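Structure of the sequence below:
(chains A and B)
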Amino acid sequence: MMPDFPSATQAMAAGQVAFEVRDVSREYPGVRALDGVTLTGYAGEVLAICGANGAGKSTLARLLAGQEAPTSGVIEISGYSGHVDGPADAADAGILLMHQEPVIIDSFTVAENVWLKNLSSAGSVRPWGIVDRKRSETTVAALKAVGLEGVSPDRLGRELGPGLRQMLALSRTQVNPHRVLLLDETTASTTEEHFKDVEALVERERADGVSVVFVSHRMPEVFAMADRIAVLRNGKLVGVVRTSETTPAEVMTMMIGEAVSALKSPTPLEGQEAPILEVSNLTSGSATDVSFSVRPGEVVGIYGLVGSGRSSIARSISGNQKRSSGEVKLHGKPVLAKSPRDAIRQGIAYLTEDRRKEGFVKDFTNGENLTLATPQNYSRFGVINRGRERKRVRELIAEYQVKGGATTLTRTLSGGNQQKVCIAKWLEARPEVVILDEPTKGIDVGARLNIYQIIRELAADSKGVVVVTSEAEEALMLCNRILILREGRLVGEYSPTDSTTDDLIRASLGGEPA
Amino acid sequence: MTNTTTTDTAPGRQRPAIDWSRVGHWAKEQYPLYILIVLLIVAGFATEAFFTPRNLTNLILQVSVIGIVSLAQFLIVLTGGIDISVGSVVGLAGVLAAGLFSGASVPLAILVAILVGAMVGALNGYLIAFRGLEAFIVTLGMLALARGLVYAYTEGVPVIPSAEGFRAMATATVLGFPVIGLIWLGLAVVIAFVVRRTVFGRRIYAVGSNKEAAHASGVPVKSTLLGVYILAGVLTGFAGFLLAARVGAGTPTAGNLYELDAIAAVVIGGASLVGGKGRVLGAVVGTLIFGVITNLLVLLNVSTYLQDAFRGALILVAVVLTTVQFSRRKRNKRLS
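So this is what the prediction gives:
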C-alpha cells in the first residue's frame, strides 16, 4: 500500500493520496455540522472547499487539522499511522493550518512569529535560538517568499496591519515542514496586492508536492487557484468538480441549493406609516455610513457575511458599542443609548449573538434570568416580591414553551431554550424596537420555528423588528425587507417575494446579480 | 402557543418536586455547617474548658468583629472582587472614632467610624468600578495607605477615648449573651435579606456571575459595584468602632491581618472567589469555624507560631474541600 514516510518533510510525488476523509460526521449539541463527508486530497493539488455560512467548511478544516475529533468516521493522513489529536500530532503528521484569524502574538517580533510553531518542540528551538536566527537567512527568505521583504524581522507583531499579519502567518509555510497545507478563509482579510503573493505561494506549494486545501466562499479566488472544488451544503458534501470543467455560477448553485421554506415568506409592508426607527449615516466599528428605517410591524433583515459589520450596526443602536457618527431616531426623536440599560429604558432591546457570554447569567436560574432586565416589575422600594416574581416566571415559561422549570439553571438548557429565555427576558421590558442578532445561531430546527413564530408575533404587535442574520433562507423567511451589507456598507435592498437566496448571497459576495 | 404547553412544562406538577429537591440541595450545600458541628463535638471532647460560659462568651467576643468584617468581604467576593484593605480600615476607623472629637460621644464615634469606612469603600469602589482597576491591587494600595494613616495619626500610641460609655456596646450582655454577638448576627440577617430579597442583591449576584451578561441585560454594573464597596466599607468601619470599644482604645495595630481571616472565612463558607456564588450563612459559619479553631488551639496551649500554621493549613484544607465538592457534582451530572 502506501510507502512509509519517515518524516513530514519528505515530499510526495504529485498525484499520490495525501489524506483521506471517510464518512466523517461531526455533531455539536443540537447541530450536525458535518454529515457523512468522504473526500480525498492528492499531493501536488489544490482542493477548494466551498460552501455558504454554516455549511461545515471550517469544521472540516478543524477536523483535518486534528483540532477536533470527528463524531464518527475516519480521517487518514498518508504516512502517519494513528489519528491526529491536537496541534503537536498535526505537526508530526505534516499538517499546517492557517487560521481565518492569523495567529500572531502581538508582543513577539516578526522573526519570533515566523518561528512560533517551533517553540513547542523543545530542543529544536529555544528562545535564545530564535534570537540567533533573527537575522538568519532562513527568516529573511521566509519573509521574502510571502512578499514581506520590506518588513524588518525586529518589528513587533502588533505593528502589522491585518493583511500583513496574515502574510506573516503564511511565512510559516517556509519554516514548518508540511505535506498538507490548510488555508481556512485565509484570504478573507488579505488585500488585492497580497492576494497575488498568496497565489504565488500556493503555486509553489503545489509544485513542491504539497496537498493544499483552500477553504473559501470567494469564487474568483477559488477559480484562480483550485484544481478541484468540493462543495458543502448543510454539512453534506454536494459534489466535487474539476475547476476546468465548471463555472462559478454552477458552483454557486451547488452551494446554495434549493431553499426549503417552512414558513410562507412575508411580503413588503403596505401603507405609509411613519417609521418607528430611523438610522441615518451610522458609522461604528466596521459599519460605515449606514442608513435605514423600520416601520411598526415591519421585520427588516440585515444580511451579510461574517465581518461585514452586521453586528456593529445592531450593537451601536442598542448601546452595546459606541458609534463614531450618525443618528438614531425612535418615533422621530433622536436617541443616544450609551449603555444597554439606556437603550432598554428608551425602548430598544438587543438580543445578543453571543448567548453564552452576554445572553444570560451563567449561575442564574431561568426565573432569575427571565426577570433580570425588568426587576422593577416585581419589586417595591428595591425589595423583590418573590410571590409575584415566581408567578410571572411560571407564566413566561409556559408562554414561551421553555423546557425546564423556574429553578433550572439556564445554562443546562439546549441552545433553543436558552434563546427563548433570552428573548422572553427582553420582551418583558416591552420594547418598541427589537434587534435580534443571529437569533437562531446554534439552534436546532424545532426551536427555530418557535423563534420565528415569536418574531412574527412581535411584528404583528406593531413593534419594529430588525433581524441580523448570516442565513439567506432565514432572511427570506422572516423579513418584509432585506438589506444587504458588504464591507460595512449597505449595498442593496431586496424584497422577499421576488428574490432568492441566490440573489442575497451574490449581492453579499459582491458578484453581479444573476 | 399556550395550548401546547401543558405537556412539557406543567409547572403545577413540578412544584412539590422542586421544593423537595431544594431541601436536599440546601442540605448538600451546607458542608461548612457540618464541619462546624464536628468541630464543636471535637472541641467538647478535647478540653473541658471549651463548653464553659466564660469561654463561649469569650469566643463570641472574639469572632463578632471579624464576623462583621467577613460580611463585608463576603459582599465583595460575591461580585468577583476581593478587599485586602479591610484590616487597615478597621484600624483607621477605630483610631479616628476614638480620637476625633476626643471620643467624647459614642454616637459621634460610631458616625465617624462608619463615614471613614464609607469613604474608603467609595474610593476603592470608584477605582475598581469606574476606572476598571483590579480589586486586588487597588485594595493593596489602600491597605498600606490606611495603615500608614493610622500610624501617622496615633504616632504608634493607642488613642484613649474620653467618653465613659465607650466600651458599653462591646461589653454589655443581654441574658448573658454579649450584645456585640447579637449585633453581628443582626447584621448578618440584614445582609442576607439584602442579597436574597432585593433588586440590589440580585444585581450583585448577576455582576459576580457574568458581568457581560449583566451589563447587556441592563444591570447598572458600575453603580452596583460602587454600592457594594461602600456598603462593605460601612460594615468594616463599624467593625473598627466595635473593636476599639472592646479594647477600650484605638490601637494602631488593630485589625492587623483581618483581611486574611475574613477572606478565609468567606471561602470556608463556600463562596466562590470567582464571584456569583455564596450564602451569608456560609460566611457566618466560616467565621465560627475559624474562631472555634483559634479558640481551641489557645485552650490546648498550642504555641502561637503553630497556631498560625494551623490556621493556614485550615484554609488550604477548606479550599481543597470546595473543589472536591464541585468535581463530584460534575461527575454526578455526567452520570445522570
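
Listing request: residues of the chain with sub-threshold pLDDT.
I went with chain A, as the question did not name one. A:1-14, A:29-31, A:53-54, A:119-135, A:162, A:187-193, A:256-265, A:442, A:444-446, A:511-514 (pLDDT under 70).

nope, chain B please
For chain B (pLDDT under 70), the answer is B:1-22, B:103, B:322-336.

in it, which residue is closest to the centre?
Centroid-nearest residue in chain B, with C-alpha atoms, centre = their mean: residue B:70, separated by 1.5 Å.

ok, now how distant is that one from residue B:260?
11 Å (C-beta to C-beta, to the nearest Å). Any C-beta I mention is one placed from the backbone N, CA and C, and that applies to glycine too.

do residue B:273 as well
For residue B:273 relative to residue B:260 (C-beta to C-beta), the value is 14 Å.

repeat for residue A:500
Residue A:500 is 68 Å from residue B:260, where distance means C-beta to C-beta.

Over to residue B:298?
18 Å.

cool, residue A:196 as well?
Note on residue A:196: its distance to residue B:260, by C-beta to C-beta, is 63 Å.

Check residue A:288 too.
54 Å.

Kindly report the same for residue A:216.
Distance, residue A:216 to residue B:260, using C-beta to C-beta: 57 Å.

These two: who's more crowded?
When residue A:216 and residue B:260 are compared for neighbours, residue A:216 comes out ahead with 22 against 17, by other C-beta atoms under 10 Å in any protein chain shown.

Tell me who's in contact with the residue of the stretch 51-200 of chain B found nearest chain A.
Chain A sits closest to residue B:199 of the stretch 51-200 of chain B, with a gap of 4.2 Å, by C-beta to the nearest C-beta. Residues near residue B:199 by C-beta atoms under 8 Å, 6 or more residues apart in numbering or on different chains: A:375-376, A:379, A:382-384.

Identify the farthest-apart pair in those.
Farthest-apart pair in the contacts of residue B:199 is A:376 and A:383; separation 11.8 Å (C-beta to C-beta).

Can you list the helices and strands that the strand or helix carrying residue B:184 packs against?
Using DSSP states H and E, residue B:184 maps to helix B:179-197. Packing partners of helix B:179-197 (3 or more C-beta pairs under 8 Å, 6 or more residues apart in numbering or on different chains; DSSP states H and E): helix B:53-78, helix B:168-171, helix B:199-209, helix B:221-247, helix B:280-299.

Can I get these in CSV including distance to residue A:116?
Output for the helices and strands packed on helix B:179-197, formatted as CSV (distance: least, C-beta to C-beta, whole Å):
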stretch, distance to residue A:116
helix B:53-78, 38
helix B:168-171, 63
helix B:199-209, 35
helix B:221-247, 36
helix B:280-299, 45
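
what about these, which gets the closest to residue A:16?
Here helix B:199-209 is closest among the helices and strands packed on helix B:179-197 (C-beta to C-beta), at 54.1 Å.

could you dump the helix or strand just after the closest one to PDB, C-alpha only?
Counting by DSSP H and E, the next helix or strand C-terminal to helix B:199-209 is helix B:211-216. Extracted in PDB, the C-alpha atoms of helix B:211-216 (Å, rounded to 0.1, in the frame of the first residue of the first chain):
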ATOM      1  CA  LYS B 211     -20.500  40.800  34.200                       C
ATOM      2  CA  GLU B 212     -21.000  41.000  30.400                       C
ATOM      3  CA  ALA B 213     -24.500  39.400  30.500                       C
ATOM      4  CA  ALA B 214     -25.500  41.600  33.400                       C
ATOM      5  CA  HIS B 215     -24.400  44.700  31.500                       C
ATOM      6  CA  ALA B 216     -26.100  43.600  28.300                       C
END
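
by contact count, what packs against helix B:211-216?
helix A:340-346, helix B:199-209, helix B:221-247.

which residues are in contact with that helix?
A:320, A:339-341, A:350, A:352, A:357-362, A:372, B:80, B:203, B:206-207, B:221.

can you pull the contacts of residue B:236?
B:68-69, B:72, B:86, B:89-90, B:93, B:117, B:120-121.

Now the buried members of those.
B:68-69, B:72, B:86, B:89-90, B:93, B:117, B:120-121 (16 or more other C-beta atoms under 10 Å in any protein chain shown).

Taking those residues together, which two end up most distant?
B:68 and B:120 (15.3 Å).

so the residue nearest to the centre of chain B touches residue B:268, yeah?
No: assessed by C-beta atoms under 8 Å, residue B:70 is found out of contact with residue B:268, at 9.7 Å.

Next, show the common contact partners of those two.
Listed as contacting both residue B:70 and residue B:268 by C-beta under 8 Å, 6+ apart are residue B:286.

hmm, back to that, so which of the contacts of residue B:199 comes closest to residue A:300?
Looking across those and measuring by C-beta to C-beta, the closest to residue A:300 is residue A:376, at 29.6 Å.

Tell me the secondary structure at that closest one.
helix (DSSP: H, G, I helix; E, B strand; the rest coil).

Settle this for me: residue B:68 is touching residue B:240, isn't it.
No: counting by C-beta under 8 Å, residue B:68 stays clear of residue B:240, with 9.5 Å between them.

what ranges do the helices span in the stretch 251-400 of chain A?
For the stretch 251-400 of chain A, the helices defined by DSSP state H, counting those that start in this stretch cover A:310-317, A:340-346, A:366-370, A:386-399.

quick revisit: could you pull up the contacting residues of the residue nearest to the centre of chain B?
Residues near residue B:70 by C-beta under 8 Å, 6+ apart: B:261-262, B:265-266, B:269, B:283-284, B:286-287.

repeat that with 6 Å
By C-beta atoms under 6 Å, 6 or more residues apart in numbering or on different chains, the contact set of residue B:70 is B:262, B:265-266, B:283, B:287.

So which residues on the stretch 101-250 of chain B come close to chain A?
B:197-200, B:206, B:209-210, B:212-213, B:216-218, B:220 (C-beta under 6 Å from any C-beta of the partner chain).

Widest-spaced pair of these?
The widest separation within those (C-beta to C-beta) is 25.4 Å, between B:197 and B:212.

Up against chain B, what does the stretch 351-500 of chain A have?
A:352, A:357-358, A:360-363, A:372-373, A:375, A:379, A:382-384, A:394, A:397-398, A:401, A:403, A:405, A:407.

Weed out the non-buried ones from these.
A:352, A:358, A:360-361, A:363, A:372-373, A:375, A:379, A:384, A:394, A:397-398, A:401, A:405, A:407.

what's the most distant pair in those residues?
Farthest pair in these (C-beta to C-beta) is A:379 and A:401. Separation: 26.7 Å.

Pull out the buried positions in the helix or strand harbouring residue A:91.
Residue A:91 is part of helix A:87-93, with elements assigned from DSSP H and E. Residues A:89-93 are the ones in helix A:87-93 that count as buried (16+ other C-beta under 10 Å).

Check stretch B:129-144 too.
Here stretch B:129-144 shows B:129, B:135, B:138-143 as buried, counting by 16+ other C-beta under 10 Å.

first to last residue in stretch A:141-151, what's the distance?
Using C-alpha to C-alpha, to the nearest Å, the end-to-end distance of stretch A:141-151 comes out at 12 Å.

just how off-centre is it within its chain?
30 Å (C-alpha atoms, centre = their mean, to the nearest Å).

Next, the buried residues of that stretch.
Result for stretch A:141-151 [16+ other C-beta under 10 Å]: buried residues A:142-143, A:145-148, A:151.

Name the nearest of the residues you listed relative to chain B.
Nearest to chain B out of these is residue A:151 (C-beta to the nearest C-beta; 33.9 Å).

OK, contacts around that closest one?
residue A:110.

Can you give me the distance of the closest residue in space to residue A:248 that isn't next to it in sequence to residue A:510?
Excluding the flanking residues, the one nearest residue A:248 by C-beta to C-beta, 6 or more residues apart in numbering or on different chains is residue A:219, at 4.1 Å. For residue A:219, the distance to residue A:510 equals 10 Å [C-beta to C-beta].
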